[in-house]
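Visitor: can't give you the sequence, but here's the structure:
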């Protein structure tokens, strides 16, 4: 599959290092990828400006903050018109319990990644918000038991 960005081996090394540790200093990053600090910083800025690097964020330990329930919801809509898909997507963006959402193909139309303080809060969301949303036909939920892998979103050699 052709790349959508013009990246060389150093760019890939930069991306791998930043995906593992977004707080790494430019000096340490440049040392790890084998170039001096000024060109390393220019490369990072270019990767940010072109949108290859979308941003940086802290990864929080949700159970330590009282968010013990992680669940996924597969949502099927009655009608899949462009307007209905956009309407549901907008609702998903506005639900705080939904942390990530994807429009998907197959038997369902959306996959929602939900994080809640407890099971009752998640159940209330599913029953009072999600299933009562206009145009929602089916909702299938999956409660997670334990996370077994947590890597960056892109597998970089």
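Guide: Everything's here; your move. Given the structure is predicted, the values throughout are model-derived calculations rather than measurements. Residues are numbered from 1 along each chain as shown.
Visitor: Show the end-to-end separation of stretch 72-91, please.
Guide: In stretch 72-91, first residue to last residue: 16 Å (C-alpha to C-alpha, to the nearest Å).
Visitor: Any idea how far that stretch is from the middle of the chain?
Guide: In terms of C-alpha atoms, centre = their mean, to the nearest Å, the centre of stretch 72-91 is found 18 Å from the chain centre.
Visitor: which residues are in contact with that stretch?
Guide: Stretch 72-91 has contacts (C-beta atoms under 8 Å, 6 or more residues apart in numbering) with 101, 103-104, 107-114, 126, 130, 133-142, 144. No exception for glycine: its C-beta is placed from N, CA and C like everyone else's.
Visitor: Of those, which belong to helices?
Guide: Using DSSP state H, no member of those falls in helices.
Visitor: How about the residue lying farthest from the centre of the chain: what's its closest non-neighbour residue?
Guide: Using C-alpha atoms, centre = their mean, the residue of the chain lying farthest from its centre is residue 36. It sits 31.9 Å away. Nearest residue to residue 36 in three dimensions, chain neighbours excluded: residue 30, at 5.9 Å (C-beta to C-beta, 6 or more residues apart in numbering).
Visitor: cool, residue 104 as well?
Guide: Nearest non-adjacent residue to residue 104, counting by C-beta to C-beta, 6+ apart: residue 111, 5.0 Å away.
Visitor: Residue 39 versus that neighbour, what's the distance?
Guide: In this structure, residue 111 and residue 39 are 40 Å apart, going by C-beta to C-beta, to the nearest Å.
Visitor: Same question for residue 84.
Guide: Distance of residue 84 to residue 39, computed by C-beta to C-beta: 49 Å.
Visitor: And for residue 30?
Guide: According to C-beta to C-beta, residue 30 stands 8 Å off from residue 39.
Visitor: When the two are compared, which one has more neighbours?
Guide: residue 30 (22 against 12; other C-beta atoms under 10 Å).
Visitor: by contact count, what packs against the host helix or strand of that one?
Guide: Following DSSP states H and E, one finds residue 30 within helix 26-33. Secondary-structure packing of helix 26-33 (3 or more C-beta pairs under 8 Å, 6 or more residues apart in numbering; DSSP states H and E): helix 9-20, helix 37-49.
Visitor: outside of it, which residues touch it?
Guide: When contacts are defined by C-beta under 8 Å, 6+ apart, helix 26-33 is touched by residues 10, 13-14, 17-18, 24, 36-37, 39-41, 44.
Visitor: What angle do helix 9-20 and that helix make with each other?
Guide: 120 degrees (axes from the mean of the first three to the mean of the last three C-alpha atoms, to 10 degrees).
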